[in-house]
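Enquirer: just coords:
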């Protein structure tokens, strides 16, 4: 029997099979997003690599700069001697005009290396003798390289480093030399000489500086009286007489101090070091003008650590010398710190109040949108434009006005009418205010409506609600904005060059004279210091290590300031963001 | 009933039916022909009702019927919304609520409000409770401490928090937070307590605590409570107002509303046939 017949017999409707496309339960690669994931990860890895690479470069160079290096004495084929710290070495292509003068063996070696030879940069120092701090030494010229004992690396107050031996010590007319001249004796005498140097420095820069400052103030009194009462008025005569009296007292003080300084100077001049470089050229100089000296090839590990730490200490706590390429950066650290702090003090209330008005009080409409867009656009204006504006508006117009009103006696010397700490802070505040406004607006918008309603329902006014509820709750967000502003402001250099940063300003903006904080003074800044040392100094090779150290310091300073702000913010966050339920 | 007839029936309204249990002290709030528009959309239509003093009045109705809008109109919380227009008026103890010379802040001080979600401030428990007094300028420590204790006892939270008044209020549980908000609402001793679905974010145990609390508070305060929970309305209120599509449909004694409502629409809603 045919099966088909049977089906017909029971009259079952033939089952038409609905064709079903088989549904894939495996999602496609693009749907799962795997390739994108690799892309994102790659982008992140690339970014991390850049940052880490940068940090490692800066940190390594910064940390190793102050480590004392040995001194190599190189004997050249010509018989000349060159002594110096090897700074770096590199392969280089030997030019044809140089090749001709070489020996056959050297030529063969260079030819074997495809025309390349090696050269070492030696920090030879002794700028006053040879008008050069560094010297390239090609390997084919080297007869032999030694590290002999008795070679000193001597850092001087002036003229940079001296590389060579200490031959003798002239003390009070007697010459100490040979076996009598021990390292201990040198150190002892050097310490005493440095104390004398500090004493002279204290008197000249400190006490005499103070006297000069007061004398200047007295002179200004006369100018002031003349401006007030006119020339030859009897009041002016009275003031002149009084000033004369004060001035004579001050002059007396000045003379006493000057005599004291001279006395120390005379004594100091009796102690001199006789230095000799590798070729025997002698150089006599007062021992007190030597900052630091060490026998580079005989240092123990502990001695090296000592030199290293003493260099760091000098760097962090001293004034710069040698056109900023040596010495310390204390004024720059101080200037950067004070300027950033001042900027935050200005930008915080300004930005927060603006954002408060925009978000809470202004009627949200076209005008507010335009204002908001403008504020955002301000963040994209090149910073140098702010510098120009700061100079033109703050320094010349506002500062000039202040000078004309309050300091007419000092004109034509400007007081506030030129770049200074205050104008720099204000300029940077202007530069960073968009960041604060945007962050604050976002933080305010993120405060839940229920909180505002709760406060208003309690009978609080709008201002009370903002003050008691909204602002505290938005504070972590506002702090984030301030941190960003601080990071941007502390690293900004271009506008500062126009409104107050200078190459050298040993006078700190805070001192013992009324009103103690001198906001009109120009100041030093680590960012500008980097630029100055790296690109504006006599000897960029000598400045290069300082660029890294200063960069390291600037990064560290910004990191410390940011970290403290982050700590404060997190504390606030914990206070306000305890989870519900 | 076909669809067209039904929709006609939904949009045709008779006038409101009233069978209110009066309070011996009379009404505390009189709402007279109140209308409200959000921009061009009308949210409340000709609402006329008296809130009886010392009693609990429940506002019920499906979502979007305007019960929360009405509640928030009582203490003018709707003022925060832009493009809001109102018509008609309200009176609190005979004084107009809406008007050019009304002191809105003073008005809100006479009406405590509790919201749908607990909204304690990120401050200590103590500071939360006395916040209405703080903004009033009260500085006397003993006054503040007494007010805090009274309000916390009033909201049945005192025993749970009396040893940690300086702790952050955000560390409390949800139910405790809501009772804290009630304490805050009654701290300045208002006349009326407005509650906007106070239990909708709470678990059943916390809800029953709040309901007990409402029971204790009635008499001291006039309470207006918006609720989606019909059992709750039946349990805690003396009068119930049923609202629908911005209109007050029926306003009367709670027991009657739930057992023998005068209108079929009310009947349909309270028995769960729609809404």
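Expert: Sure thing, it's come through. Small disclaimer: the values here were computed from a predicted structure and weren't measured.
Enquirer: All the helices of the stretch 101-250 of chain B, in order from the start?
Expert: With helices called from DSSP state H, counting those that start in this stretch, the stretch 101-250 of chain B shows them at B:104-109, B:125-129, B:131-135, B:141-154, B:158-161, B:174-187, B:204-217, B:230-236.
Enquirer: again with the stretch 301-450 of chain A
Expert: Assigned by DSSP H, counting those that start in this stretch, the helices in the stretch 301-450 of chain A fall at A:301-317, A:330-356, A:366-378, A:383-389, A:400-406, A:421-445, A:449-457.
Enquirer: Highest mean neighbour count out of those?
Expert: Most buried of the helices of the stretch 301-450 of chain A by mean neighbour count (mean count of other Cβ atoms under 10 Å in any protein chain shown) is helix A:421-445; its value is a mean of 24. No exception for glycine: its C-beta is placed from N, CA and C like everyone else's.
Enquirer: still on that earlier bit, can you lay out the helices of the stretch 301-450 of chain A as JSON lines showing mean pLDDT?
Expert: Formatted as JSON lines, those follow (pLDDT from 0 to 100):
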{"stretch": "helix A:301-317", "mean pLDDT": "91"}
{"stretch": "helix A:330-356", "mean pLDDT": "90"}
{"stretch": "helix A:366-378", "mean pLDDT": "90"}
{"stretch": "helix A:383-389", "mean pLDDT": "92"}
{"stretch": "helix A:400-406", "mean pLDDT": "83"}
{"stretch": "helix A:421-445", "mean pLDDT": "91"}
{"stretch": "helix A:449-457", "mean pLDDT": "89"}
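Enquirer: And these: which comes nearest residue B:137?
Expert: With Cβ to Cβ as the criterion, residue B:137 lies closest to helix A:449-457 of these, at 15.2 Å.
Enquirer: relative to helix B:174-187, how tilted is the closest one?
Expert: Note on geometry: by axes from the mean of the first three to the mean of the last three Cα atoms, to 10 degrees, helix A:449-457 and helix B:174-187 are set 20 degrees apart in direction.
Enquirer: right, and the helix or strand after helix A:449-457?
Expert: Toward the C-terminus, helix A:449-457 is succeeded by helix A:462-465 as the next helix or strand (DSSP states H and E).
Enquirer: how about the helix or strand following that following helix, does it get close to chain B?
Expert: Note on helix A:462-465: by DSSP H and E, the next helix or strand toward the C-terminus is helix A:471-490. Yes. Helix A:471-490 is in contact with chain B by Cβ under 8 Å from any Cβ of the partner chain, via A:472-473.
Enquirer: continuing past helix A:471-490, what's the next helix or strand?
Expert: Beyond helix A:471-490 toward the C-terminal end (DSSP H and E), the next one is helix A:494-499.
Enquirer: In the chain, what residue spans correspond to strands?
Expert: If you meant another chain, say so; for now it's chain A. A:72-76, A:81-93, A:116-123, A:134-138, A:142-146, A:152-156, A:161-171, A:174-177, A:271-276, A:282-286, A:290-295, A:320-321, A:326-327 (DSSP state E).
Enquirer: ah, no, chain B please
Expert: Going by DSSP E, chain B shows strands at B:17-19, B:27-38, B:41-52, B:56-60, B:84-92, B:95-96, B:111-114, B:192-196, B:222-226, B:239-244, B:247-253.
Enquirer: Residue B:269 and chain A: what is the separation?
Expert: Distance, residue B:269 to chain A, by Cβ to the nearest Cβ, to the nearest Å: 28 Å.
Enquirer: State the pLDDT value of that residue.
Expert: For residue B:269, the pLDDT comes out at 88.
Enquirer: Please name the residues that touch it.
Expert: B:60-62, B:242, B:244, B:275 (Cβ atoms under 8 Å, 6 or more residues apart in numbering or on different chains).
Enquirer: Can you give me the pLDDT of the residue in the stretch 51-200 of chain A that chain B sits nearest to?
Expert: As assessed by Cβ to the nearest Cβ, chain B sits closest to residue A:51 within the stretch 51-200 of chain A, at 35.2 Å. Per-residue pLDDT puts residue A:51 at 94.
Enquirer: Using a markdown table, lay out the strands of chain B together with mean neighbour count and mean pLDDT.
Expert: Formatted as a markdown table, those follow (neighbours: other Cβ atoms under 10 Å in any protein chain shown; pLDDT from 0 to 100):
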| stretch | mean neighbour count | mean pLDDT |
| --- | --- | --- |
| strand B:17-19 | 15 | 85 |
| strand B:27-38 | 18 | 90 |
| strand B:41-52 | 19 | 90 |
| strand B:56-60 | 27 | 92 |
| strand B:84-92 | 16 | 87 |
| strand B:95-96 | 13 | 88 |
| strand B:111-114 | 28 | 90 |
| strand B:192-196 | 24 | 91 |
| strand B:222-226 | 26 | 92 |
| strand B:239-244 | 27 | 91 |
| strand B:247-253 | 22 | 90 |
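Enquirer: Low-confidence stretches in chain B?
Expert: Along chain B, the model assigns pLDDT under 70 to residues B:1-13, B:274-275.
Enquirer: Find the residue closest to residue A:172 in space, skipping its chain neighbours.
Expert: Leaving aside its chain neighbours, residue A:172 sits nearest to residue A:270 (5.0 Å; criterion: Cβ to Cβ, 6 or more residues apart in numbering or on different chains).
Enquirer: I'd like the helices of the stretch 301-450 of chain A as JSON lines, with distance to chain B appended.
Expert: Listed next are the helices of the stretch 301-450 of chain A as JSON lines, based on distance: least, Cβ to the nearest Cβ, whole Å:
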{"stretch": "helix A:301-317", "distance to chain B": "42"}
{"stretch": "helix A:330-356", "distance to chain B": "17"}
{"stretch": "helix A:366-378", "distance to chain B": "13"}
{"stretch": "helix A:383-389", "distance to chain B": "37"}
{"stretch": "helix A:400-406", "distance to chain B": "41"}
{"stretch": "helix A:421-445", "distance to chain B": "14"}
{"stretch": "helix A:449-457", "distance to chain B": "4"}
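Enquirer: Around chain A, which positions in chain B sit nearby?
Expert: Close to chain A, as judged by Cβ under 8 Å from any Cβ, chain B has residues B:75, B:77, B:80, B:105-106, B:108-109, B:111-113, B:115, B:117-122, B:131-132, B:134-136, B:168, B:170-171, B:173-174, B:177, B:181, B:184-185, B:188, B:194.
Enquirer: Make a PyMOL selection of whichever of those turn out to be buried.
Expert: With 16 or more other Cβ atoms under 10 Å in any protein chain shown as the criterion, this PyMOL line picks the buried residues out of the residues of chain B next to chain A:
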select buried, chain B and resi 75+77+105+108+109+111+112+113+115+117+118+119+120+121+122+131+132+134+135+136+168+170+177+181+184+185+188+194
